[in-house]
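1. coordinates for the following, if possible.
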Amino acid sequence: MVAASYPGSPTVEIMESLKDYKDIHAHWAMNEKVALEIAIGGSFAGAKSLVSMKHVGVNIAADPLMTFTQIRTHGGFVLVVGDDPGLSSSQNEQDSRFFAKFAHCALLEPSTPQEAKDYVGLGLALSEEYGMPVIVRLTSTLCHSRGAVLLGERTPPSIAGFTPDQARYCMLPPHANAQQHFMQERIAKLAAATDSLALNTYEDTGRRDVFLVTSGLPYQFLAELGLGYSVFKLGLCYPLPIDKIKAIAAEYARVIVIEELMPFIEEQLRAAGIDALGKQFFPFTGALTTDGIRAGLVRADIVPQFTLGAVTPPPAIPRTPMLCSGCPHRPVFHILQKAKATVIGDIGCYSLGILEPFEVLKTNVSMGASLGIIQGMSMAHRTADKARAFVAVIGDGTFFHSGLSGFANITETKGNITIIVLDNRTTAMTGGQPTPTTGNLGQATHSIDIIEVLKSFGIQDVTVADQFDYTSTKTLIQGAMKRDGLSVVVVTRPCALNFDVRQPHFYVDRDICISCRACIGVNCPPISMKVYENQTKKNSYIDPNMCVGCSVCSQVCPVKAIKRLGAPEEAKQ
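-> Next comes the predicted model:
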């Protein structure tokens, strides 16, 4: 089996688990498009193939997907996509179910860990039988849930190999024209066979007042309410068994659809002439829970108003996400904040630079977007005779994911643009998966030098900085910001968490500390203010159990009150 992915929450653990099986070639790709193309190649060769990604990754992979779906699959092909209702770790909240209809392929939506496992196997079988890609759609809550799963017997994979067939695999007219009819026919064939697949379940309670249609995790939350209404649980959400649902719905006074995000199921039912309602009662955004479903059914006048009486739970204490102890992004953000730079942001751990206390990143759109956005912003300002200096940041993972084309395009810019490449040698936000620069630390079989790549594009103004040498890095960044044209600064400290970076910790000499809070401004988790014994005012304090010894706080301290353990003067904590 061939499996590929680009790490993105909530689907990261899929590839992390698959790589433990010797008969599965599991691969972290540079981006979702490449991952999907690797799986396409595996399928062409007759191997069962799987690609996994988060919902926004499907946007990157849509180009090959929308052509591949025209080709009658050889080896089974499953695309596992993780949607994120509620935006727990994403920049948008798109509904990937529409890609199934868009691509004329089957859509399976599990509601339990067991179904998640089973539906992948079923999807591979359906893919081979009907000659189509199959999408298995998960959501964040299901991806992060746990449950007992019954495993079956594993059979040795049989891979027939690739047999050239231009009419089948070369999607140019007239071959592609003929495939439009094939796509329509396979969907109709699958729709006619839905009863035999036992994926959709009709739970008839005998009542005929309300008929509820749902799928995925909302089914489990609905079941917890124990309302006693008849329910149609969909496992195959596209194509829908329209004729069966229409026949059943005719027996009921009302049909209510319970689904997260957009009215994907509701619109299909209404288009088929079924008087179904749903989104007018349930939110168009966020993840549905038991309480959310109950509230929607209250609005639909199906269940009575539910109250907790006089008991009001205390509000949750907000916790702002923050960079880890010793994070190499911290000194860069501190420098940019002090320079009052206008910084164009990108996707990664460094997106936290949007938040307090730095608040230094001014845009955040998509992977690699900082490069195009800064170019367009600079063009607009120069056109209006309002030229100014702009700064963009991009990580090493994002550099290879979608930054290469942006750098190639921006090479000959005339604006004052500084780009800081934050090379921490890993895809840190999703768990520390390798990037092409990880090899410099012995974590991969090869390594690509970002500096050499940039110079090969013809970019001459490239400098390298160790951001834990705060003063030197500050000088380099501020100097680059003053130069016209394109300047690139590559900062090279690795992720402290992923590579277990730990040096002797720092402490505060309370006799020297003037409580100026300059160290607090770097926002490192070990640093706080406290009243020491026999003192009345608060001084800075560094928790020795959290400090990894990065030294940034000591470098910003104006009176040199922060010292490393083991220095001549003994710690006074």
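
2. okay, now residue 53: neighbour count?
-> Applying other C-beta atoms under 10 Å, we find 30 residues neighbouring residue 53. To be clear about C-beta, it is placed using only N, CA and C from the backbone, and glycine gets the same treatment.

3. please look at it and residue 8 and confirm they touch.
-> Yes: proximity of residue 53 to residue 8 meets the contact threshold set by C-beta atoms under 8 Å, at 6.0 Å.

4. overlap in contacts of those two?
-> Any residue near both residue 53 and residue 8 by C-beta atoms under 8 Å, 6 or more residues apart in numbering counts here, and that gives 32, 82.

5. buried stuff in stretch 451-468?
-> Neighbour-count burial for stretch 451-468, with 16 or more other C-beta atoms under 10 Å as criterion, is recorded at 451, 453, 454, 457, 459, 462, 465, 467, 468.

6. starting at the chain centroid, how far to that stretch?
-> The chain centre lies 28 Å from the centre of stretch 451-468; the measure is C-alpha atoms, centre = their mean, to the nearest Å.

7. how near is residue 505 to residue 525?
-> For residue 505, the distance to residue 525 under the criterion C-beta to C-beta, to the nearest Å works out to 13 Å.

8. so the two - more neighbours on which side?
-> The neighbour count for residue 505 versus residue 525, taken as other C-beta under 10 Å, is higher for residue 505 (21 against 15).

9. relative to residue 524, how far out is the nearest residue to that one once chain neighbours are set aside?
-> Distance criterion C-beta to C-beta, 6 or more residues apart in numbering; nearest residue to residue 505, sequence neighbours excluded, is residue 547 at 3.8 Å. Here the distance between residue 547 and residue 524 works out to 8 Å (C-beta to C-beta).

10. ranges for the helices of the stretch 1-150 of the chain?
-> 12-18, 32-44, 55-68, 97-102, 113-130, 140-143 (DSSP state H, counting those that start in this stretch).

11. which of those is buried the deepest?
-> Between the helices of the stretch 1-150 of the chain, helix 32-44 has the highest mean count of neighbours, a mean of 24, where neighbours are mean count of other C-beta atoms under 10 Å.

12. that one packs against which elements?
-> Packing partners of helix 32-44 (3 or more C-beta pairs under 8 Å, 6 or more residues apart in numbering; DSSP states H and E): strand 2-5, strand 25-28, strand 49-54, helix 55-68, strand 77-83.

13. go again using 7 Å as the cut-off
-> Where contact means 3 or more C-beta pairs under 7 Å, 6 or more residues apart in numbering; DSSP states H and E, helix 32-44 is packed against strand 2-5, strand 49-54, helix 55-68.

14. could you give me the average pLDDT of the host helix or strand of residue 382?
-> Under the criterion DSSP states H and E, the helix or strand holding residue 382 is helix 369-383. Mean pLDDT, helix 369-383: 96.

15. per-domain residue ranges of this structure.
-> Domain segmentation of the chain under automatic domain parsing yields 2-192, 197-299, 329-491, 506-564.

16. redo these as a markdown table? Include distance to residue 318.
-> Shown next, in a markdown table, are those (distance: least, C-beta to C-beta, whole Å):
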| stretch | distance to residue 318 |
| --- | --- |
| domain 2-192 | 15 |
| domain 197-299 | 18 |
| domain 329-491 | 11 |
| domain 506-564 | 16 |
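
17. point to the helix or strand of the protein where mean pLDDT is at its lowest.
-> Each helix and strand of the chain was given a mean pLDDT (mean pLDDT, DSSP states H and E); the minimum falls on helix 194-197 at a mean of 88.

18. just the strands in the stretch 451-573 of the chain please.
-> Chain-ordered strands for the stretch 451-573 of the chain, with DSSP state E, counting those that start in this stretch as the definition, fall at 462-465, 486-491, 506-508, 527-531, 538-542, 562-564.
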